Structure formats: structure tokens, C-alpha cells
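A.B. asks: from the sequence below, what's the structure:
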Amino acid sequence: MKRIQVGFLVSYDYELLKIAIPQVYNESDSIFLAIDKERKTWKGESFIIEDDFFQWLRSIDVDSKIEILEDNFYHPELTSMQCEVLERKKLAEKMGIGNWLIQLDADEYFLDFKGFVKFLKSKNHFLKNPEKNQVQISPCLINLYKRVDSGMLYVKKPTKIMVATNYPNYKIGRQTRKRIIYFRGPILHECISRTKEELEMKFNNWGHDCDINKEEFLNKWANVNESNYKDMRNFFYMEPEKWKKLAFVKGSTFNEIKNNLDFFKVLPSDFYIWKKNVGQWFKHL
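C.D. replies: Purely as a prediction, here's the structure:
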């Protein structure tokens, strides 16, 4: 109990795990990969995972931390979101209540997982009776928007993301609708900084497939560039105004972006995080 358990959902974008897993490997106690047994997405589309990916997993798993959970996560009678919640709950059950349960997608890269683990361990009292003291932990998500000629456009204001909980009663995605504890630490999200073909695959097969205007979004995404991004507004794929402005950073690889982005300027202040946490405490008294 009181272990740092990390779980990833594995699908068509599994190659991104070659960036995501190394960021959390050393500080985690166990890492679980949930893969559909029939290699189906939540929409029932087929995908392939090449054998060399599993060879790579074995090569990096020097401490024998990685375990694969295979099951049927696609059910045609369920919506994509219902399939996602089902998979997340099965994964959490495997990870074990009584531990810190951290669930990530392949395109989410922790930048200071050691600091996040230290923060979680300072909250271990929430693990004593998790069902009665349900919390979810939200770092700051920096959403990468589009690759351009000399770098990356990203969403200027970070968003919240529920990556950890002590009790995985998920309602929508990783959201349990319980008290949120905010953490001032960054996660880089290679959300839509992909090719048009990869984006269409993502939008057609994820849990929010029914919630977006795909054509309208892709048209704006295709037209924005390094020269005009400052003149455009409202970029989110569901409620556009949630991503009001974009910013630019030089670099095309994860390491280049990590080194060139000034996270102290991008992240909200300590005082802002403190206010948010006080507000959540009062809200859930």
C-alpha cells in the first residue's frame, strides 16, 4: 500500500510511450499498460502494435516494473466515453486501491515526476480511508498545438488535468468529480501537435468523438501558423474559448521544447495554486 502506481492506456499512438514512460520510470513503484486484447479502439477500429515496441519495453524495464493488462475494452453497445471509463476502472483495479493511482495517456510527458511523487507522499493521509476522503490531483497541462517551421505553437495558458487519485470512481475520463488538489508542476501534452492524418485518427477514436466539430477545428488548425497565431483566438476543439491564445517556442523534439520553454513564466503562480486549493477545500467541506 501507499505505492506510486502509474498506468498508461495503450492504443494506436503507442510509439509516444517511448517518451512518456522514461519520464516516470525511476520514481514509480509499478507501471501498468492497458491494451485491448483484440487491438480495438473505443470506436471499434483496429490498430497494430509492432513487436519491436515490446522488445523496447523489455530493454528499458531494468527493474521489472512494467506489467501489461490485456482485456476487452471495446464494447459496441457502449459509447466511446463509456469504453474509456470502463478501461480506466479496470486498470485502476489492477493498480490497487490504497495506493496513489496515476493514469496517463501516451502523449502526456511529466517534466518533474520526482517533484510530483514527493508532493503525493506528503498527502499520504488521504490513503488511509480513500473512499471517505476522495481526492484527485491536478498538475498543470501545457498543451502543444501545432508544429511549425521553426518550433511549436502551444496553448498559452495551462489547463488542469486529473492524473492521480486515491479512489478511482471515474465519471468522465479521469474525472471523479471529487475534491481537486492542484500541483504547480508541468506536463507537456502532445495533444494535437500531429499530422492531419494522425489528428483525424485521434478524433475518430477517442472518448470525445461525439463532442467536437471536427471540420471547423481542423480548418482553423490548418490555417494557423508562426506568422498569424497572435492575431487569432479560441483554439480548443470542444469549447474554443477555453484555449484563447497560442504562444511559440523554438524546438521540434521533446528535449528541445523542454529546454527552451520557460516554465516559471508559463505556469500559474504559487499564490494562484494556493487560492485554488483553498477554494476546493471549502467547496468539499
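
A.B. asks: residue contacts, the spatially closest residue to L261 that is not a sequence neighbour?
C.D. replies: Excluding its sequence neighbours, the residue lying closest to L261 (CB to CB, 6 or more residues apart in numbering) is V249, at 4.9 Å. In short, each C-beta sits where N, CA and C put it, glycine included. Taking CB atoms under 8 Å, 6 or more residues apart in numbering, we find V249 in contact with G151, M152, Y154, I257, N260, L261.

A.B. asks: given the strand or helix carrying the third one, what are its sheet partners and their directions?
C.D. replies: Meaning Y154. For Y154, the host element (DSSP states H and E) is strand 151-155. Strand 151-155 has its sheet partners listed here by DSSP bridges as strand 135-148 (antiparallel), strand 246-250 (antiparallel).

A.B. asks: tell me which of these sits most buried.
C.D. replies: strand 135-148 (a mean of 21; mean count of other CB atoms under 10 Å).

A.B. asks: residues touching the worst-scoring helix or strand of the chain on mean pLDDT, excluding its own?
C.D. replies: Lowest on mean pLDDT, DSSP states H and E among the helices and strands of the chain sits helix 196-205, with a mean of 80. Contacts to helix 196-205, defined as CB under 8 Å, 6+ apart, come from residues 11-13, 41-43, 45, 80, 192, 194, 209, 212, 214, 217-218, 221-222, 237.

A.B. asks: out of those, which are inside strands?
C.D. replies: Assigned to strands by DSSP state E, none of the contacts of helix 196-205 qualify.

A.B. asks: just the buried ones from these, in PyMOL syntax?
C.D. replies: Only the buried entries of those go into this PyMOL selection, using 16 or more other CB atoms under 10 Å:
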select buried, resi 11+12+13+41+42+80+192+194+209+212+217+218+221+237
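
A.B. asks: go through the contacts of helix 196-205 and flag which are in helices.
C.D. replies: S80, K214, F217, L218, W221, A222 (DSSP state H).

A.B. asks: neighbours of N213, just the number please.
C.D. replies: Using other CB atoms under 10 Å, N213 is surrounded by 11 other residues.

A.B. asks: what's the pLDDT at it?
C.D. replies: With respect to pLDDT, N213 has a value of 72.

A.B. asks: what sits against it?
C.D. replies: By CB under 8 Å, 6+ apart, the neighbours of N213 are Y237.

A.B. asks: how close does it get to K156?
C.D. replies: Using CB to CB, to the nearest Å, N213 is found at 22 Å from K156.
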